[in-house]
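Q: test case, fold it:
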Amino acid sequence: MTPAEVAHRVVQAAAMRAERWGMMPCVVPPADLSVPVNAWVHADAKVDAAPYVAAAERVMAGRYDVFALEDIELGDPPEWNRDPKTGTVAPLAFGKQLDYRDPNLVGDIKYLWEPNRHLHLVTLAQAWALTHDDRYAHEIVKQLDSWITACPFRMGPNWSSSLEAGLRLLNWALAWQLLGGIHAPVFQSAEGMRFRSRWLTSVYQHAEFVCGHFSLHSSANNHLIGEAAGVFTAAMAWPYWPRARHWHAASREILEREALLQNGPDGVNREQATSYQQFTFDLLLLPWLAARANGYDFPEAYRRRLECMLDFVASVMDVGGNMPMFGDADDAYAAKLDPRPSFCRFRSLLATGAVLFERGEFKAKAGRLDDKTRWLLGPGADARFDAVHALPRQLPVRREFPTGGYYVLGCNFEEPEEIRLVADAGPLGYREIAAHGHADALSFTLSIGGHEFFVYPGTFAYHTETAWRSYFRGTAAHNTVRIDGADQSRPGGNFMWLRKANASCHAWHSSPQSDCLEASHDGYRALPDPVTHRRRMVLDKATRTVTITDRLAMRGEHEAELFFHCAEGAQVAPVEGGVDITLAGRTVQLRWPQAEGGAGWVLEGSTEPIGGWISRRFDHKQPAPTIVWRARLSGDTTLTTRIFCPGA
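A: Here you go, the predicted structure:
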């Protein structure tokens, strides 16, 4: 820890003790409800009501999906302090000193927190806005009333994380506006007015809580942006107290700074994780829309960085709409404005970007306008989307992302014959602990015709399942080289790395004939006999052949392994000198290095050793073929792998 972080932690510890002992009460002043507010979610969005009504009815029946648990009964209202996965009920101890990482105390905290983000209250509010069926509004009142009772200020697991409080504010603001704001019909009775006062008190407490516990150091990643987004939203949605001016100023400063710090000038989120690319984009988008609706705006640099983030999404997404699963993923939404399972969060981002930035490339990749964009941009969204001229031939937008370290090799882009290979020669992750990065230097994904052949296998676990957490973020779970069974970077916990591999790009060029990337990393320089891994990847577009040349600079003897992770459903057949991989009617030929003593095999659904798995959703995994080649090598060695990519 830096001296600044040590000092911050000392001050925070003293403040938490004062809060716990009741020495820092949060006195909520009277609210001036005459201050005007303009909504940034549109209750008059032109959407089909049926899916929202169906989703709301499930909530009314107490049925929810929480990660790998589908259609489970949480109750009506839910038991807010209970982990639905393990049944563990967390204690109502002082929240900021509650060890939420201890599964014996709280269960799986991800499962406990998820319903408490209150994304489903927005679904209920959408159903009310579309039907004016008062049952949905009264369900929101019932659930919030029970939540405020079950989760008293500063107590319990739902007051242990500033990010969780910030995300509640985001979703409360959307639900509040969809119900009609300060003059919502549900507030008109005496009972409704009492509830409104109670809700506003909790809003004030939430905003003050987050302001007092911004993640300014070790978790100054997406957590800090989410916290600031929640506070800024509170200032915009509920400007009824003088204190809201402080919320506005403090959170705006953080958002403006962190939008540029946490996202590189090439648009890559520095967490090195595509799931957090979309999550952070929404956390920056919602405050921007709130500000614009109420006569404010953010600097041009902020707007431009958002646009660059979508450049990256449009460039690495293949013709089938698949996004590489770089880094960690926990299926997080800032707000879920479309409850349908078919909702594609990345295409939705591009649809929103097509309208906001008038970008035809984004429109071409999005394909169509989606409901989330309609809720955010209003009844005119369809006409604005239609007015943007699609430009599919200009994709990908970019081929190189030097700050993020990603490079797109390919040909026949946006056509049925497309080859799209995305290579990773970037940093491990963001800041000192690189919390959400994976040990994946010099790895790659490969899709052909919009079908994923070689993939990043995902994440699966966060706080629990230690062995699986280690596997999915380790080097063996990525399409790269592992030396002596060790990870390139050395982990120090579920969200920390003690030693980080540094990757560097040495050469990149693209021509009508070929694409070529050459890069290296120093992750194995820490071995007693240091090893430098240098990888050259060349796509010959005429023969549709990818040649991967791995140069291992070393003196002594080492065990080297190559990994190639296939998508689920792929069929792998051994052949002379390699394997054939068949998927979606195409067969890719992989021919591994010709090295003495080298041998290859396939793992699928293995637990000893762990290998041959893919995790498309948090806490859910399934078998998928992993091709492994291994050899005992001595001295400087060059390994050449060839991948032949067929046409249709």
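Q: could you use CA atoms for every contact and neighbour count after this?
A: OK.
Q: for this structure, longest helix please?
A: If you go by DSSP state H, the chain has its longest helix at helix 190-212.
Q: check residue 1 and give its pLDDT.
A: Here the pLDDT value assigned to residue 1 is 62.
Q: tell me which element the residue lying closest to residue 370 once chain neighbours are set aside falls in.
A: Nearest non-adjacent residue to residue 370, counting by C-alpha to C-alpha, 6 or more residues apart in numbering: residue 348, 6.0 Å away. Element membership for residue 348, per DSSP states H and E: helix 345-357.
Q: buried sites along that helix?
A: 345, 346, 347, 348, 349, 350, 351, 352, 353, 354, 355 (16 or more other C-alpha atoms under 10 Å).
Q: what's the closest non-adjacent residue to the third one?
A: It refers to residue 347. Of all residues not flanking residue 347 in the chain, residue 366 sits nearest, at 4.5 Å (C-alpha to C-alpha, 6+ apart).
Q: try residue 147
A: Using C-alpha to C-alpha, 6+ apart and skipping residues adjacent in sequence, the residue nearest residue 147 is residue 80, 6.6 Å away.
Q: so that neighbour touches residue 118, yeah?
A: No - using C-alpha atoms under 8 Å, residue 80 makes no contact with residue 118, being 10.6 Å away.
Q: more neighbours: which of these two?
A: residue 80 (26 against 23; other C-alpha atoms under 10 Å).
Q: for the more buried one, list the residues it contacts.
A: Residues counted as contacts of residue 80 (C-alpha atoms under 8 Å, 6 or more residues apart in numbering) are 112, 115, 116, 147, 150, 151.
Q: put together JSON lines for the residues you listed, with secondary structure and pLDDT on each row.
A: Output for those, formatted as JSON lines (DSSP: H, G, I helix; E, B strand; the rest coil; pLDDT from 0 to 100):
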{"residue": "112", "secondary structure": "helix", "pLDDT": "98"}
{"residue": "115", "secondary structure": "helix", "pLDDT": "98"}
{"residue": "116", "secondary structure": "helix", "pLDDT": "98"}
{"residue": "147", "secondary structure": "helix", "pLDDT": "98"}
{"residue": "150", "secondary structure": "helix", "pLDDT": "98"}
{"residue": "151", "secondary structure": "coil", "pLDDT": "98"}
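Q: quick one: which of the residues you listed is nearest residue 339?
A: Residue 339 lies nearest to residue 115 out of those, by C-alpha to C-alpha, at 14.1 Å.
Q: tell me, how many residues neighbour that closest one?
A: Neighbours of residue 115 (other C-alpha under 10 Å): 21.
Q: what sits against it?
A: Contact analysis of residue 115 by C-alpha under 8 Å, 6+ apart lists 66, 80.
Q: can you give me the helices in the stretch 201-350 of the chain?
A: In the stretch 201-350 of the chain, the helices defined using DSSP state H, counting those that start in this stretch lie at 222-237, 243-261, 274-293, 300-316, 345-357.
Q: what does the second one rub up against?
A: So the one you mean is helix 243-261. Residues contacting helix 243-261 (C-alpha under 8 Å, 6+ apart): 207, 211, 224-225, 228-229, 231-232, 234-236, 238-239, 284, 298-299, 301-302, 305.
Q: now the residue nearest to residue 370: how far from residue 38?
A: Counting by C-alpha to C-alpha, to the nearest Å, the separation of residue 348 from residue 38 is 24 Å.
Q: where does the protein dip in pLDDT?
A: By pLDDT under 70, the weakly predicted segments of the chain are 1-18, 20-23, 393.
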